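1. Kindly generate the corresponding structure for this input.
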Amino acid sequence: MILEKLEAYYGYFSQRKAGWFILLCTGLLVGLGLIVLSSASLSFIKSENYFYKQLLWCVLGVPFFLTGCFVDLRFLKKHCLWILTFFIAALVIVLIPGIGKMVNGSRRWISMGGFNIQVSEFAKIATILWLAQYLNNSENNRSSFGIGFLNPLLVVASICGLIFLEPDYGTAMLIGAVAITLLFLAGTRLLYIWLAIFGGLLAISILIYLNPTRMGRIVAFLDVENNKLAGAYQLWQGMLGFASGGLYGRGLGQGRQQLVYLPEAHTDFIFPIFSEELGSLAATAALAIYLTFFLTVTHSAKKLHSNFTKFLSYGIALTIIYQVIINVGVVTGLFPTKGMGLPFISYGGSNLVLLSFMIGLLLNCFSENQIEWDCRNSSEERLGKPTRRKFISPYSR
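-> Reported below is the predicted structural model:
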């Protein structure tokens, strides 16, 4: 009885107040990230002071958030192919020496106006937009091999292939996983889904086997303790951070792993620092916020009558939650080490700007007026009536 009531209350608030839930979860996660970065900036990264840099990126993310809130979704729906083409071209350009900036052996960034823009981050939303539109248009052919499976798979595979060349295996696998999940939700035959999963895992396994660096990570992952001073050093130090924090943490600024022991503590491995200073209870609470965010988005997306906005919402939610799963799995030793930040918490300008735009799009999709617009247009299309083209701003009331 209690669980049924909680489910009913959650269903009411997540649907009627979805926008507030999303904003609250986002604000809490960004705030927690700034708190941890401010603590870490007092120690080994004091010379860089990533706290103020992240704060600047938060400010720069506001225009992108507002753009996502107020952009005409019909405009994105109409021009998503051009948007995807632009970012595919950008992924090609970033591979050109002298244009793409190489950091730690990977060519993923383009320098513009003093900022390093990671193109693959924005390729995520471009892929989601195109897939949402494609699945919307192919509603009657989703079970077919060609239109429902092969065509979208080839497009996504070409994007992932370009990102693999950077190399950035994590982002490529993330985009592939989101695409396969969206195809599954759209009703693609399960046989084709398993075929894509098997083919993807086989291709990744071959690429890892042929890459000595990444093969070394796999070997170190399989025997962390014996490789704690070599390939598994970062993972071992992260585990020590989790163990050192206990339930309640050592206190802000009192963590030891951030004192040059744990590399990339402000990006990929910020979660062990978070747990060491604030405790495993706070870390669990952060994961609960992510889960609340994901459940709110998926529950509300089911109520949208437009397939485009529905798949767009699912794609955004999956991108964020898969990134959380990968990051937490890596730092806890469940997955091999792979560079991927924790959404909203890890330092990263391109990712934070992209997330700001994504959150704006979610609010756009879930606004009351937008849902009414989706319902009205969907009913008119079913009745064969001409669709009203006047777009109602989500925040006109």
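
2. Next, the distance between the ends of stretch 337-355.
-> Chord length of stretch 337-355, first to last residue, is 23 Å (CA to CA, to the nearest Å).

3. And for the closest residue to residue 223 other than its chain neighbours, the neighbour number?
-> Using CB to CB, 6 or more residues apart in numbering and skipping residues adjacent in sequence, the residue nearest residue 223 is residue 232, 7.6 Å away. All C-beta spots, glycine's among them, are computed from the backbone N, C-alpha and C. Using other CB atoms under 10 Å, residue 232 has 25 other residues around it.

4. got it, and residue 288?
-> Residue 288 has 11 neighbours, counted by other CB under 10 Å.

5. Could I have the CA atoms of whatever helix or strand it lives in written out in CSV?
-> Using DSSP states H and E, residue 288 sits in helix 280-301. C-alpha atoms of helix 280-301 as CSV (Å, rounded to 0.1, in the frame of the first residue of the first chain):
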residue,chain,number,x,y,z
SER,A,280,29.5,7.4,0.9
LEU,A,281,26.1,8.6,2.1
ALA,A,282,26.5,11.8,0.2
ALA,A,283,27.7,9.8,-2.8
THR,A,284,24.7,7.6,-2.6
ALA,A,285,22.4,10.6,-2.4
ALA,A,286,24.0,12.0,-5.6
LEU,A,287,23.3,8.8,-7.4
ALA,A,288,19.7,8.9,-6.1
ILE,A,289,19.4,12.4,-7.7
TYR,A,290,20.6,11.0,-11.0
LEU,A,291,18.0,8.2,-10.7
THR,A,292,15.2,10.7,-9.8
PHE,A,293,16.2,12.7,-12.9
PHE,A,294,16.1,9.7,-15.2
LEU,A,295,12.8,8.4,-13.8
THR,A,296,11.2,11.8,-14.1
VAL,A,297,12.2,12.2,-17.7
THR,A,298,11.3,8.7,-18.8
HIS,A,299,7.9,8.9,-17.0
SER,A,300,7.0,12.2,-18.5
ALA,A,301,8.2,11.3,-22.0
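
6. Identify each buried residue in it, please.
-> 280, 282-283, 286, 289-290, 292-301 (16 or more other CB atoms under 10 Å).

7. How about residues contacting it?
-> 10-11, 14-15, 18, 21-22, 25-26, 28-29, 32, 242, 245-249, 271, 274-275, 309-310, 313-314, 316-317, 320-321, 324, 328, 343, 345, 362, 365-366 (CB atoms under 8 Å, 6 or more residues apart in numbering).

8. likewise stretch 165-177?
-> For stretch 165-177, using CB under 8 Å, 6+ apart, the contacting residues are 94-95, 106-108, 120-121, 123-124, 127, 156-157, 159-161, 163-164, 200, 204, 207-208, 211, 214, 318-319, 322-323, 326, 338-340.

9. quick one, helices of the stretch 151-300 of the chain?
-> In the stretch 151-300 of the chain, the helices defined using DSSP state H, counting those that start in this stretch lie at 151-164, 169-186, 190-210, 212-222, 233-245, 270-278, 280-301.

10. So the residue nearest to residue 223 is in contact with residue 224, correct?
-> Yes. Contact criterion CB atoms under 8 Å: residue 232 and residue 224 qualify, at 4.4 Å.

11. For stretch 325-336, what does the pLDDT average out to?
-> The pLDDT scores in stretch 325-336 average 85.

12. which residues sit against it?
-> 170, 173-174, 217-218, 221, 224, 235, 238-239, 242, 268-269, 271-272, 287, 337-338, 340-342, 346.

13. which of those residues count as buried?
-> Buried by 16+ other CB under 10 Å: 170, 173-174, 217, 221, 224, 235, 238-239, 242, 268-269, 271-272, 337-338, 340-342, 346, out of the contacts of stretch 325-336.

14. Pretty sure residue 109 sits in a strand.
-> Yes. According to DSSP: H, G, I helix; E, B strand; the rest coil, the state of residue 109 is that of a strand.

15. Look up which residues are beta-bridged to it.
-> Beta bridges link residue 109 to residue 101, residue 118, judged by DSSP bridges.

16. With that, I have no additional questions.
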